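> have a look; sequence and predicted model below, questions after that.
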Amino acid sequence: MPRPLGELEDAVMTRVWKWNRPVTVREVLEDLQLERSIAYTTVMTVLDNLHQKGWVRREAEGRAYRYEAVSTRAAYAAALMNEAWAQSDNPAAALVAFFGMMSDEQRQALSDAVRMVQGPETPEAENPGSARGDSGR
């Protein structure tokens, strides 16, 4: 897993992920300038670094490039969580501590995600006795 993004890398990738299309340095620059003073060459360097690190792919367009994310923000967050969990000497305790930090909304999202991964319940799973032919008596 690549190392976590730096603050400016994350600001740039946030826009690339949000727009979900190939972007130019100029587009990212103009959006970033709404909240900070930043030079064109700085944004160009950051996007070039992100390309070298494998976060974005680029395609030439005239004398410039258009950049597009290689994966989603969700995949990046999942990789960070997996990496942090893998570093623990007690993964179960790390999960318990993590769950304890979660908001109610995050716990609901976790519950929804577990249901999605497990797939739809089968009638046998809902009523174990029905698979054997007994009526549960």
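Noted; the coordinates are in hand.

> helix, strand or coil for Leu34?
At Leu34, secondary structure determined by DSSP: H, G, I helix; E, B strand; the rest coil is coil.

> repeat for Leu5
Of the three states, Leu5 takes coil according to three-state DSSP.

> tell me how many other residues surround it.
Using other CB atoms under 10 Å, Leu5 has 18 other residues around it. Using the backbone N, CA and C atoms, a C-beta is placed for each residue, glycine as well.

> for it, which non-adjacent residue is spatially closest?
Closest residue to Leu5 apart from its sequence neighbours, by CB to CB, 6 or more residues apart in numbering: Met13 at 6.0 Å.

> residue ranges in the protein under the pLDDT threshold?
1-2, 122-137 (pLDDT under 70).

> all strands for this structure, in order.
Ranges of strands in the chain, per DSSP state E, are 56-61, 64-69.

> out of those strands, which comes closest to Asn49?
strand 56-61 (9.6 Å; CB to CB).

> and the contacts of that closest one?
13, 16, 22, 24, 47, 50-51, 65-70 (CB atoms under 8 Å, 6 or more residues apart in numbering).

> spatially central, which residue of the protein would that be?
With distances taken as CA atoms, centre = their mean, Ala74 lies nearest the centre of the chain, 2.1 Å away.

> report how many residues lie close to the residue nearest to Leu5.
Using other CB under 10 Å: Met13 sits among 21 other residues.

> distance of it from Gly62?
Relative to Gly62, Met13 is positioned 24 Å away (CB to CB, to the nearest Å).

> do the same with Val28
Distance from Val28 to Gly62, by CB to CB: 17 Å.

> can you pick out the residue with more neighbours from those two?
More crowded of Val28 and Gly62, by other CB under 10 Å: Val28, with 24 against 6.

> what is the neighbour count of the residue lying closest to Ala64 once chain neighbours are set aside?
The shortest distance from Ala64 to any residue other than its chain neighbours is 6.0 Å, reached at Thr24 (CB to CB, 6+ apart). Around Thr24 there are 16 other residues, counting by other CB under 10 Å.
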